[in-house]
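Engineer: Show me how the following folds:
(one chain, ligands or ions: 1)
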Amino acid sequence: MVLAIARLSNIDPEKKVNGLTKEERGRLFLLLKKIELTAESLLGFDLAMATSGGVLTAEIDGKTMRSKIISNLFFAGEIIDIDGETGGFNLQNCWSTGYLAGQSAIELLRN
Ligand SMILES: Cc1cc2nc3c(=O)[nH]c(=O)nc-3n(C[C@H](O)[C@H](O)[C@H](O)COP(=O)(O)OP(=O)(O)OC[C@H]3O[C@@H](n4cnc5c(N)ncnc54)[C@H](O)[C@@H]3O)c2cc1C
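Structural biologist: Residues are numbered from 1 along each chain as shown. Next up is the predicted model:
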């Protein structure tokens, strides 16, 4: 993004930050506040951060993470067909469903 921002704000990209003039800082500030970005395409599966694995939530008991179709099967993490914005939601989903699935599987074995 650095080169694109420098070009759009008409600032020499080689210029050190502490060398910017007050006017250049103002231009940069306005640009960063107003810039609108449009996503044109995805980077593809190999670079995907989240993939919405494909197992429908409707096919999982959300209280145990147990499959509603195969009784001794539990799901956790990204294999479940949900994803969140990056920033921790996906990892939290993996940890929470993993914990629940593990506890539920132990419970099933005990009974
Ligand atoms: C570059 C990148 C950045 C990310 N950044 C964030 C972020 O900032 N915040 C966030 O919340 N999420 C982020 N995510 C998403 C998050 O990391 C994943 O959603 C999460 O790690 C998925 O965990 P998981 O345990 O479900 O699956 P995985 O971590 O994919 O674990 C699946 C495991 O199963 C193993 N496996 C696969 N097939 C088999 C098999 N046949 N037999 C045995 N083992 C097998 C794999 O080797 C792997 O170790 C990011 C993902 C990527 C790729």
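Engineer: show me what contacts Ala6?
Structural biologist: Asp12, Pro13 (CB atoms under 8 Å, 6 or more residues apart in numbering). All C-beta atoms are positioned from the backbone trio N, CA, C, and that covers glycine.
Engineer: Apply 7 Å and report the result again.
Structural biologist: Going by CB atoms under 7 Å, 6 or more residues apart in numbering, Ala6 touches Pro13.
Engineer: Pull out the buried residues from the helix or strand hosting it.
Structural biologist: According to DSSP states H and E, Ala6 maps onto helix 2-8. The neighbour-count check on helix 2-8 (16 or more other CB atoms under 10 Å) flags Ala6 as buried.
Engineer: Beyond that helix, next helix or strand please.
Structural biologist: helix 22-34.
Engineer: hang on, the earlier thing: state the mean pLDDT of the helix holding Ala6.
Structural biologist: Helix 2-8 shows a mean pLDDT of 91.
Engineer: and Gly53, how far is that from Glu85?
Structural biologist: 17 Å (CB to CB, to the nearest Å).
Engineer: and those two? which has more neighbours close in?
Structural biologist: When Gly53 and Glu85 are compared for neighbours, Gly53 comes out ahead with 14 against 9, by other CB atoms under 10 Å.
Engineer: so the more buried one makes contact with Ile79?
Structural biologist: Yes - under the criterion of CB atoms under 7 Å, Gly53 makes contact with Ile79 at 3.8 Å.
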